[in-house]
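K.L.:
Build me a model from this:
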Amino acid sequence: MGSVRRWLGGRRAAVSQIPAQPAEPAPAAAAIDRRVDVMLAEWRDVRASLRHADGTRLAQLALFIAGSAAIAGGYLAVAAAPDPRLDLARWALPALGLLVSLVFLALELGSIAYRRALARRGRQIETAMQILLPGTGRVRPLALLCDLHIGEGEWARAAVWVAGALYGLALLAWIAALLATALGSR
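P.N.:
Numbering: from 1, shown residues only. Just a heads-up that it's a prediction; the model follows:
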């Protein structure tokens, strides 16, 4: 405190002689609409749901790769063995791989639809926020919805479909394995 007094030249702070104006209640138009808080909370939920969905898709992809690799390893070991007792395994493993590929392809298509629905809802909230808070400009730069747009560019659109293409490619490979087993057993 002493350094501040020295900086001020030894003067003491004086109370202002101007009377304080009484505080006026805020006009009703300046009150923030309750819908804004609800929409911001929903926006945060949309973002959290999208992060969770992306993490789930990554875990599904990892499970698919591990499961398909295990099934493919078993199939290759059985297919290379000339033992006729393994004929059932030669049919069962490609059928299991086909089933796994179909399940994960369906899960991927569902997660793409879920992500699009969340992104659409996020854009609806963004539009409503721009209407309710017209003086704030774009809401997206407030880091509320910056990463929700799936189809903004070619790379973003391609990245969404890469996992689905991998599932489809594995599906075709298992169909080919079943056909090879059918042609080899004759």
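
K.L.:
Where does pLDDT dip in the chain?
P.N.:
Scanning the chain for pLDDT under 70 picks out 1-33, 134-157, 159, 185-186.

K.L.:
which residues in it form helices?
P.N.:
2-7, 34-80, 87-132, 154-184 (DSSP state H).

K.L.:
would a markdown table of those helices with mean neighbour count be doable?
P.N.:
Quick note: C-beta positions are derived from backbone N, CA and C, even for glycine. Formatted as a markdown table, the helices of the chain follow (neighbours: other Cβ atoms under 10 Å):
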| stretch | mean neighbour count |
| --- | --- |
| helix 2-7 | 8 |
| helix 34-80 | 14 |
| helix 87-132 | 16 |
| helix 154-184 | 14 |
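
K.L.:
ok, and what's touching stretch 75-94?
P.N.:
With Cβ atoms under 8 Å, 6 or more residues apart in numbering as the test, stretch 75-94 has contacts from 71, 74, 97, 174, 177, 178, 181, 184, 185.

K.L.:
which residue sits closest to the second one in space, ignoring its chain neighbours?
P.N.:
Taking Cβ to Cβ, 6 or more residues apart in numbering, and ignoring the residues beside it in sequence, residue 74 has residue 93 as its nearest neighbour in space, at 5.4 Å.

K.L.:
on that earlier part again, need the contacts of stretch 75-94 in a markdown table (columns: distance to residue 132).
P.N.:
Shown next, in a markdown table, are the contacts of stretch 75-94 (distance: Cβ to Cβ, whole Å):
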| residue | distance to residue 132 |
| --- | --- |
| 71 | 53 |
| 74 | 58 |
| 97 | 52 |
| 174 | 52 |
| 177 | 57 |
| 178 | 57 |
| 181 | 62 |
| 184 | 67 |
| 185 | 68 |
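
K.L.:
which among those gets closest to residue 59?
P.N.:
The closest of these to residue 59 turns out to be residue 71 (Cβ to Cβ; 18.4 Å).

K.L.:
now the spatially closest residue to that closest one that is not a sequence neighbour: how far from residue 164?
P.N.:
Excluding the flanking residues, the one nearest residue 71 by Cβ to Cβ, 6+ apart is residue 97, at 4.5 Å. Note on residue 97: its distance to residue 164, by Cβ to Cβ, to the nearest Å, is 17 Å.
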